[in-house]
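Undergrad: Fold the following.
(2 chains)
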Amino acid sequence: MAKNITKKTINYSQWYNDIVLNADLAETSAVRGCMVIKPYGFSIWERLQSELDKMFKNTGHMNAYFPLFIPKSFFSKEANHVDGFAKECAVVTHYRLKNSDSGIIVDEEAKLEEELIVRPTSETIIWDTYKKWIQSYRDLPILVNQWANVVRWEMRTRLFLRTAEFLWQEGHTAHETKEEALEETELILNVYADFLEKFMAIPVIKGRKTESERFAGALDTYCIEALMQDGKALQAGTSHFLGQNFSKAFDVKFTNKAGKLEHVWATSWGVSTRLMGALIMTHSDDQGLVLPPNLAPFQVVIVPIYKGQGEFEIVDKFCCKIFKNLQNSEIRVKYDKRDSFKPGWKFNEYEVKGVPIRISIGMRDIKENSIEIFRRDTFEKSKCVDSQLINTILQLLKEIQDNLYKKANIFLENNTYIVDDFDDFKKKIKSGGFVLAHWDGTSKTEKEIKKLTKATIRCIPFSPGQKGKCILSGKSSEKRVFFAKAY
RNA sequence: CGGGGUGUAGCGUAGUCCGGUUAUCGCGCCACGUUUGGGACGUGGAGGCCGCAGGUUCGAAUCCUGCCACCCCGACCA
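TA: Numbers count the residues shown, from 1 in each chain, chains lettered A, B, ... in the order given. I've put the predicted structure just below:
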């Protein structure tokens, strides 16, 4: 483990990589553009998964699993969809290897009749399946989610943020009516926003994507956007209203209550391991990762301090008692009694890994009946008597969670600007943050602004706004939209 | 795919311009001992196809050619 994490003022990407590597979250793998998620990183992902999964189940969804491979023909049934994904697909063409003089080679005789696409997303294979599941309005709605890996052959990759293979959840729902599908799209967007704000302590902006940023094959894409500490926006989750595009492409019809055949209405939605990137870039500091207590695999770590075997036995007994008490109060706690590392080493390790609270206990504390508590977010140390420990910890966890959200939210507010002048717009975009500005609603203007400033329209807010004049073209605009440079 | 950079022990590196003993240093690792309230110390030890392939040379980590990989900046990214 490196001793110092590079200051983000020097190089933000280097800082980001240092956090990922030093906190032992992930590393680059032998496979181009892919990553190995290490146990600690995965334990955070598992926390994230389990909490989000609960929210899906609470809103009536169930999990299923569909194949990794998609026959090429499925993939090309929806025209926009294929256009959007064709360039970044991994394709399986053969099913066998053989020995040759130059080593193992692909057996040309084992060529697949139809190539298989490694799923970049599962709409096509799922809608091919839904065709078999749906005949009547009684079969609807179908509210299914799957936790899976997908592959997108991206040109340039970065740990967690954009890897060739990534883990995600993708929900795919089928509904009787347009209204119901729209409701679902919105419901999920709110689930995502709640999850980020309440569990990950990441404030987000909700809105819809412009036509050019929309999911390939969707009629409308809703999104949540977060702001990272370097002033760049990160798309943290999307929820798509697919209309009848996929049900028409895959011919999924149902008989409605009136006895008439109709195409099904659809949504799809997802968040990925990219959320780990959002987590890192929202809360981490130059000391390492900072985890919000609701998400942390360990909320509390206990470090014993002792000299010699005699002291260890006394301290250990005390620590075990506290460990059990905390566990019984449903606090996720780790007791690190490894003798192979010194306390100072452990202190640093858990700071780098972002554990919200550290308790250290030695003979001094036992004698004085006071326990030292350290909080990761502010680096403050405090003392607490044994009998008050549980309450103090519970209170502190809540406080840290709130504090992280508040801090991130203040950052978001301080870096969101309302701008009416294009020179000012360029300046603000350059320095980072969200810029709320008027836009005439055309893709042409959007593209031109991107060319001039590298800023894209992150989202169009749902709430009605005041009319005005487009920042570039001067044409009339319905309301302000969020611009930013994005990951 | 363009521009730039880097490949030397598990990690980080010196040496490369200007070829010449046994390839440098730190961290980590192993053993023993002393340690343990903020990244311990001492002594001893192990670990190298110097990215790969060719070439020049008495001699190559160092020079030449080709290739590969990774990183950064662009382009790309529902």
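
Undergrad: Please enumerate the helices of the stretch 101-250 of chain A.
TA: Per DSSP state H, counting those that start in this stretch, the stretch 101-250 of chain A carries helices over the ranges A:123-133, A:178-194, A:245-249.

Undergrad: Now the spatially most central residue of chain A: which helix or strand?
TA: Nearest to the mean C-alpha position of chain A, counting by CA atoms, centre = their mean, stands A:Leu275 at 1.8 Å. A:Leu275 belongs to helix A:274-283 when assigned by DSSP states H and E.

Undergrad: check whether the next helix or strand after that helix contacts RNA strand B.
TA: Next helix or strand after helix A:274-283 toward the C-terminus (DSSP H and E): strand A:300-304. No. Counting by CB under 7 Å from any atom of the strand, RNA strand B has no neighbours in strand A:300-304; the shortest distance is 8.5 Å. Quick note: C-beta positions are derived from backbone N, CA and C, even for glycine.

Undergrad: same check, this time on stretch A:370-378
TA: Yes. Contact between stretch A:370-378 and RNA strand B, assessed by CB under 7 Å from any atom of the strand, occurs at A:Glu372, A:Phe374.

Undergrad: After the helix ranked longest in chain A, which helix or strand is next?
TA: Longest helix in chain A, counting residues (DSSP state H): helix A:389-414. On the C-terminal side of helix A:389-414, the closest following helix or strand by DSSP H and E is strand A:416-418.

Undergrad: Direction included, what does the helix or strand bottoming out on mean pLDDT in chain A pair up with?
TA: The weakest-scoring helix or strand in chain A, judged by mean pLDDT, DSSP states H and E, is strand A:103-106 (a mean of 76). Strand A:103-106 pairs in its sheet with strand A:97-100 (antiparallel), by DSSP bridges.

Undergrad: Quick one: residues in contact with the strand it pairs with.
TA: Strand A:97-100 has contacts (CB atoms under 8 Å, 6 or more residues apart in numbering) with A:Ile104, A:Ile105, A:Val106, A:Asp107.

Undergrad: One more pass at 10 Å, please.
TA: A:Gly103, A:Ile104, A:Ile105, A:Val106, A:Asp107, A:Glu108, A:Glu109, A:Ala110 (CB atoms under 10 Å, 6 or more residues apart in numbering).

Undergrad: so what's the last one up against?
TA: By that I understand A:Ala110. Contacts for A:Ala110 (CB under 10 Å, 6+ apart) come out as A:Thr93, A:His94, A:Tyr95, A:Arg96, A:Leu97, A:Lys98.

Undergrad: thinking A:Glu27 is in contact with A:Tyr40, fair?
TA: No. Counting by CB atoms under 10 Å, A:Tyr40 is not a contact partner of A:Glu27; they are 11.6 Å apart.

Undergrad: element containing the residue located most distally from the centre of chain A?
TA: Computed with CA atoms, centre = their mean, the residue of chain A farthest from its C-alpha average is A:Gly310, at 47.3 Å. For A:Gly310, the host element (DSSP H and E) is helix A:308-328.

Undergrad: who's in contact with the residue farthest from the centre of chain A?
TA: Applying CB under 10 Å, 6+ apart to A:Gly310 gives the contacts A:Met363.

Undergrad: can you check the one 5 residues further on too?
TA: Listed by CB under 10 Å, 6+ apart, the contact partners of A:Val315 are A:Pro304, A:Ile305, A:Tyr306, A:Lys307, A:Lys337, A:Ile361, A:Gly362, A:Met363, A:Asp365, A:Ile366.

Undergrad: Give the buried subset of the residues you listed as a PyMOL selection command.
TA: Here is the PyMOL command that selects the buried residues among the contacts of A:Val315 (16 or more other CB atoms under 10 Å):
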select buried, chain A and resi 304+305+306+361+362+365+366
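
Undergrad: Could you save the helices of the stretch 101-250 of chain A as JSON lines and add columns showing mean neighbour count?
TA: Rendered in JSON lines, the data for the helices of the stretch 101-250 of chain A read as follows (neighbours: other CB atoms under 10 Å):
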{"stretch": "helix A:123-133", "mean neighbour count": "21"}
{"stretch": "helix A:178-194", "mean neighbour count": "19"}
{"stretch": "helix A:245-249", "mean neighbour count": "22"}
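
Undergrad: closest one to A:Lys383 among these?
TA: With CB to CB, the closest approach to A:Lys383 among these belongs to helix A:178-194: 35.6 Å.

Undergrad: Return the distance of that closest one from the chain's centre.
TA: Centroid displacement of helix A:178-194 relative to its chain, using CA atoms, centre = their mean, to the nearest Å, is 18 Å.

Undergrad: what helix or strand is the residue in the stretch 201-350 of chain A that RNA strand B sits nearest to on?
TA: Nearest to RNA strand B in the stretch 201-350 of chain A, going by CB to the nearest atom of the strand, is A:Gly344, at a distance of 2.6 Å. In this assignment (DSSP H and E), A:Gly344 forms part of helix A:343-352.

Undergrad: Sheet partners, orientation included, of whichever helix or strand comes after that helix?
TA: Tracing the chain past helix A:343-352, the next element assigned as helix or strand by DSSP H and E is strand A:357-361. Here strand A:357-361 has these sheet partners by DSSP bridges: strand A:300-304 (parallel), strand A:370-375 (antiparallel).

Undergrad: In JSON lines: those strands, plus mean pLDDT.
TA: Formatted as JSON lines, those follow (pLDDT from 0 to 100):
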{"stretch": "strand A:300-304", "mean pLDDT": "97"}
{"stretch": "strand A:370-375", "mean pLDDT": "96"}
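
Undergrad: Show me the strands in the stretch 51-200 of chain A, by range?
TA: A:62-63, A:69-71, A:90-94, A:97-100, A:103-106, A:111-118, A:142-151, A:165-175 (DSSP state E, counting those that start in this stretch).

Undergrad: Determine which stretch of these is the most buried.
TA: strand A:165-175 (a mean of 22; mean count of other CB atoms under 10 Å).

Undergrad: Next, the angle strand A:142-151 makes with that one.
TA: Orientation check (axes from the mean of the first three to the mean of the last three CA atoms, to 10 degrees): strand A:165-175 against strand A:142-151 gives 160 degrees.

Undergrad: Name the strands paired with strand A:165-175 and say parallel or antiparallel.
TA: For strand A:165-175, pairing defined by DSSP bridges yields strand A:142-151 (antiparallel), strand A:265-272 (antiparallel).

Undergrad: could I get the ones you listed as JSON lines with distance to A:Ala236 and mean pLDDT?
TA: Shown next, in JSON lines, are the strands paired with strand A:165-175 (distance: least, CB to CB, whole Å; pLDDT from 0 to 100):
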{"stretch": "strand A:142-151", "distance to A:Ala236": "17", "mean pLDDT": "96"}
{"stretch": "strand A:265-272", "distance to A:Ala236": "7", "mean pLDDT": "97"}
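
Undergrad: can I get these in JSON lines with distance to A:Leu436?
TA: JSON lines is the format used below for the strands paired with strand A:165-175 (distance: least, CB to CB, whole Å):
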{"stretch": "strand A:142-151", "distance to A:Leu436": "33"}
{"stretch": "strand A:265-272", "distance to A:Leu436": "25"}
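
Undergrad: Indicate which one of these is closest to A:His283.
TA: Short answer: strand A:265-272, nearest of those by CB to CB, at 17.4 Å.

Undergrad: Can you show me the CA trace of that closest one as PDB?
TA: Extracted C-alpha coordinates of strand A:265-272, given in PDB (Å, rounded to 0.1, in the frame of the first residue of the first chain):
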ATOM      1  CA  TRP A 265     -45.700  -1.200 -23.500                       C
ATOM      2  CA  ALA A 266     -42.200  -1.500 -22.100                       C
ATOM      3  CA  THR A 267     -39.600   0.000 -19.900                       C
ATOM      4  CA  SER A 268     -36.000  -0.900 -19.100                       C
ATOM      5  CA  TRP A 269     -33.600   0.600 -16.500                       C
ATOM      6  CA  GLY A 270     -30.200   0.000 -15.000                       C
ATOM      7  CA  VAL A 271     -27.400   1.000 -12.800                       C
ATOM      8  CA  SER A 272     -23.900  -0.500 -12.900                       C
END
